[in-house]
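>>> from the sequence below, what's the structure:
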Amino acid sequence: MVHVWPLALHDGELTLRPLRRRDRAAFERLRERNAEWLRPWDATDPEHGRRAPDFRTLRRWSNEQARLGTSLPLVISVRGRLAGQITAGPIQYGALRSAALGYWIGRDEAGNGVVPRAAAMLIDHLFTELGLHRIEVTVRPENAASLRVVEKLHLRPEGMRRSAIHVDGDWRDHLVFALTAEEAAAGSLRSGMLRRLQREFPPDTPTT
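Here you go, the predicted model:
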């Protein structure tokens, strides 16, 4: 399996791609406009609070990690406009061959089925192109929208991790959901996550 960067994945009007230098103004506006919307779910630094890296630093870190193959940080673009981000990372090889998935979406596109499609596209890539064995998503129990995403993707619940991630200024419990390559190759998933999602939820059916 070959790790390719830069990477772009497409499904109709939906594109997952790297953050570009010319995205700065649109990205900063999107984050500013959705600051309160995202605050309860954004990871925070226990030492430095809410201070986020500036755009240039974020883009540099993202590209460095992607070139090393330790993560796939992608923006979610809908009809050419930035809508959010989705990241697979850390990507671990060797005996683990696993990755965790994280994502956020702006309020304007929430409820339009963008996140499940983006996650399904990236999961298909991680299994078929990178040869990973396990994909994991962690969700705060209070995050109903994200719980709906993992439900639509049929990820298997594995239980609770206590005080797992520093979010919104404190250590928060997270529910764990996962899918293995064996599960993805069985039954209705044989044709891929995205194909099954499209069968179950046609484009005019909101899925969060």
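
>>> got a list of what S163 touches?
Counting by CB atoms under 8 Å, 6 or more residues apart in numbering, S163 touches 171-173. To be clear about C-beta, it is placed using only N, CA and C from the backbone, and glycine gets the same treatment.

>>> now the closest residue to P40 other than its chain neighbours: phi and psi?
Nearest non-adjacent residue to P40, counting by CB to CB, 6 or more residues apart in numbering: D168, 5.2 Å away. Dihedral pair for D168: phi 50, psi 40, per degrees, to the nearest 10.

>>> for D168, give me the pLDDT.
Note on D168: pLDDT of 92.

>>> state the distance from it to R39.
Distance, D168 to R39, by CB to CB, to the nearest Å: 6 Å.

>>> okay, and which of the contacts of S163 map to strands?
Secondary structure from DSSP state E places 171-173 of the contacts of S163 in strands.

>>> ok, the residue of the chain most remote from its centre to H166 distance?
The C-alpha centroid of the chain is most remote from E47, which lies 24.7 Å away (CA atoms, centre = their mean). Distance, E47 to H166, by CB to CB: 9 Å.

>>> quick one on the thing from earlier: select only the buried ones of the ones in strands among the contacts of S163 in ChimeraX?
Selection of the buried residues among these in ChimeraX, burial being defined by 16 or more other CB atoms under 10 Å:
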select :172
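
>>> dump the ones in strands among the contacts of S163 into a markdown table; add distance to P6 as well.
A markdown table is the format used below for those (distance: CB to CB, whole Å):
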| residue | distance to P6 |
| --- | --- |
| W171 | 34 |
| R172 | 33 |
| D173 | 36 |
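
>>> now the protein, which segments are flagged as low pLDDT?
Segments of the chain classed as low confidence (criterion: pLDDT under 70) are 1-2, 49-50, 188, 204-208.

>>> related to what we said a few turns ago, tell me the one of the ones in strands among the contacts of S163 nearest L122?
Within the ones in strands among the contacts of S163, distances to L122 taken as CB to CB reach their minimum at R172, with 23.6 Å.

>>> now that closest one: closest residue in space that isn't a chain neighbour?
Counting by CB to CB, 6+ apart, the residue nearest R172 is R140, at 5.6 Å.

>>> what do you get for W5?
Closest to W5 by CB to CB, 6+ apart is A66, at 4.6 Å.

>>> what is the burial count for that neighbour?
Counted with other CB atoms under 10 Å, residues neighbouring A66 total 24.

>>> cool, P141 as well?
Count around P141 with other CB under 10 Å applied: 11.

>>> wait, isn't it in contact with V167?
No. The criterion here is CB atoms under 8 Å, and P141 misses it with V167 at 11.7 Å.

>>> and stretch 162-171, end to end?
8 Å (CA to CA, to the nearest Å).

>>> so which bits of that stretch are buried?
Under 16+ other CB under 10 Å, the buried positions of stretch 162-171 are V167.

>>> just how off-centre is it within its chain?
Its chain's C-alpha centre and that of stretch 162-171 lie 18 Å apart, by CA atoms, centre = their mean, to the nearest Å.
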